[in-house]
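In: fold the following, please.
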Amino acid sequence: MEELKEMILSKNIIVWIVMILIVVLFLKFLKNAGKIALILVVLLIAGFIINAVAPGVLDPLVDFVRGGWLGENRPTQPW
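Out: Coordinates of the predicted model:
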């Protein structure tokens, strides 16, 4: 950390370019993460609406998750 402080304070152009690139990449990552979060929220809302309109439609998916992914650790009680 001390070396980084010294490089920044010494007005090293390369360090400043690297720091700016890191900030830009971080901002792009946040922008993409926001899009992904929005898509997940929309999918969850759509799932709740489908479950409210036709409750039995998602049962095969629930059975797959309980049996295939959870295996022996699946709960005995319904959701």
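
In: continuing past whichever strand or helix holds residue 3, what's the next helix or strand?
Out: Residue 3 belongs to helix 2-9 when elements are defined using DSSP states H and E. Remark: after helix 2-9, the chain's next helix or strand is helix 13-53, criterion DSSP H and E.

In: how far off centre is that following helix?
Out: Mean-position distance between helix 13-53 and its chain equals 7 Å (C-alpha atoms, centre = their mean, to the nearest Å).

In: who are the packing partners of that helix?
Out: Secondary-structure packing of helix 13-53 (3 or more C-beta pairs under 8 Å, 6 or more residues apart in numbering; DSSP states H and E): helix 2-9. (C-beta placed from N, C-alpha, C; glycine too.)

In: what's the mean pLDDT across the helix it packs on?
Out: Helix 2-9 comes out with an average pLDDT of 70.

In: repeat that for stretch 23-30.
Out: Stretch 23-30 comes out at a mean pLDDT of 85.

In: Provide the contact partners of it at residue level.
Out: For stretch 23-30, there are no surrounding residues in contact (C-beta atoms under 8 Å, 6 or more residues apart in numbering).

In: tell me how far residue 24 lies from residue 5.
Out: 21 Å (C-beta to C-beta, to the nearest Å).

In: repeat that for residue 50.
Out: Distance of residue 50 to residue 5, given as C-beta to C-beta: 54 Å.
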